[in-house]
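Visitor: A structural model of the following input is requested.
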Amino acid sequence: MSMPEALIFDVDGTLADTERDGHRVAFNLAFADAGLDWEWSVERYGELLAVTGGKERIRFYLERYNTEFKRPADFDDFVAGLHQAKTAHYTRLLGEGRIPLRPGVARLIGEARGKGVRLAIATTTTPANVTALLESCLGKASPGWFEVIAAGDVVPAKKPAPDIFELALSELGLTAAQCVAFEDSRNGLLSSRGAGLATVVTPCGYTLEDDFSGALLVIDTLGEPDAPFRVFQGDAHGHTLVDLDLVAALRS
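Guide: You can find the predicted model right below:
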């Protein structure tokens with residue numbers, strides 16, 4: 001069995017189920033601050049998640065669902081301002097402890113740190129969102145546990161393009177064959193697989209019906225000793241939680 005050199009994690013939906021009760025709520029608060037009557041329901045936000053990136057999601061909403069909105073002359077700045085306000089609300093929600101990590105995440109990260117397996121992040125969310133989530137859930141020092149945090153608008157194309165994972169690999173100085181990725185959505189899986197990464201998928205509420213063809217393993221969570229995961233697709237080799245031994249077995 002071959003232990004990976006690094007684990008590369010997506011953030012939203014993978015580390016924490018942030019979308020429905022975090023980002024969606026923060027978007028709506030930002031819209032209200034701006035005097036807009038937009039309200040993204042749980043169902044509508046699920047549809048908007050077909051597009052990656054918050055600013056891109058706002059644009060898509062206006063193109064698809066709110067075509068009568070009169071765009072201001074400084075439209076790019078308008079969108080950027082809404083997104084900045086949304087990020088501020090999101091970080092406040094995190095600071096209030098409203099968004100916990102998914103089962104098994106802290107455990108696996110701790111095991112990797114203890115055994116010298118490097119850690120990285122590859123996400124389309126902003127660096128501020130990543131830092132806020134890590135600090136609120138794992139402590140102030142935790143962003144420093146991740147050797148690379150590839151986040152936000154640092155690559156030409158967002159997921160499902162492979163750019164963000166390719167950047168993370170480049171900054172780690174590793175090949176895809178030396179790493180394993182963790183994702184929660186089809187767009188994320190297409191991105192990680194496009195970069196050549198073997199990938200474990202833990203779908204969140206919005207992505208349960210996605211097509212995860214090509215994943216190493218698809219499970220409901222990473223699992224805990226008292227809360228084993230449920231397998232949707234793949235061979236868990238008799239394991240009931242994701243640890244480094246299972247990751248090695250999946251790579252063999």
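Visitor: give me the pLDDT value at residue 243.
Guide: As summarised for this prediction, residue 243 has a pLDDT of 98.
Visitor: quickly find the element holding the closest residue to it other than its chain neighbours.
Guide: Once flanking residues are discounted, residue 243 sits nearest to residue 111: 5.9 Å by C-beta to C-beta, 6 or more residues apart in numbering. Just so you know, the C-beta spots here come from the backbone N, C-alpha and C atoms, and that holds for glycine as well. Using DSSP states H and E, residue 111 falls within helix 105-114.
Visitor: could you point out the helix or strand that follows the helix or strand of the chain with the lowest mean pLDDT?
Guide: Every helix and strand in the chain was compared by mean pLDDT, DSSP states H and E; the lowest is helix 18, with a mean of 89. As assigned by DSSP H and E, the chain's next helix or strand after helix 18 is helix 24-33.
Visitor: what does that next one contact?
Guide: 37-40, 42, 45, 54, 57-58, 82-83, 85-90, 93 (C-beta atoms under 8 Å, 6 or more residues apart in numbering).
Visitor: quick check: buried residues in it?
Guide: 24, 25, 26, 27, 28, 29, 30, 31 (16 or more other C-beta atoms under 10 Å).
Visitor: can you give me the buried ones in whichever strand or helix holds residue 83?
Guide: Using DSSP H and E, residue 83 sits within helix 75-95. Using 16+ other C-beta under 10 Å as the test for burial, helix 75-95 gives 79, 82, 83, 85, 86, 87, 88, 89, 90, 91, 93, 94.
Visitor: in CSV, list the C-alpha atoms belonging to that helix.
Guide: The C-alpha trace of helix 75-95 is given here as CSV (Å, rounded to 0.1, in the frame of the first residue of the first chain):
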residue,chain,number,x,y,z
PHE,A,75,-21.8,46.6,-12.9
ASP,A,76,-18.5,44.8,-12.2
ASP,A,77,-17.9,47.0,-9.1
PHE,A,78,-21.5,46.4,-8.1
VAL,A,79,-21.1,42.6,-8.2
ALA,A,80,-17.8,42.8,-6.4
GLY,A,81,-19.3,44.9,-3.7
LEU,A,82,-22.2,42.5,-3.1
HIS,A,83,-19.7,39.6,-2.9
GLN,A,84,-17.5,41.5,-0.5
ALA,A,85,-20.5,42.2,1.8
LYS,A,86,-21.5,38.6,1.5
THR,A,87,-18.0,37.4,2.6
ALA,A,88,-18.2,39.7,5.7
HIS,A,89,-21.6,38.2,6.7
TYR,A,90,-20.2,34.7,6.1
THR,A,91,-17.2,35.2,8.3
ARG,A,92,-19.4,36.5,11.0
LEU,A,93,-21.7,33.4,10.8
LEU,A,94,-18.6,31.3,11.1
GLY,A,95,-17.3,33.3,14.1
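Visitor: can you give me how far it is from the chain middle?
Guide: 18 Å (C-alpha atoms, centre = their mean, to the nearest Å).
Visitor: hmm, who's touching that helix?
Guide: By C-beta under 8 Å, 6+ apart, helix 75-95 touches 18, 22-23, 25-27, 29-31, 33-34, 54-55, 58-59, 71-72, 99, 126, 128-129, 132-133, 136-137.
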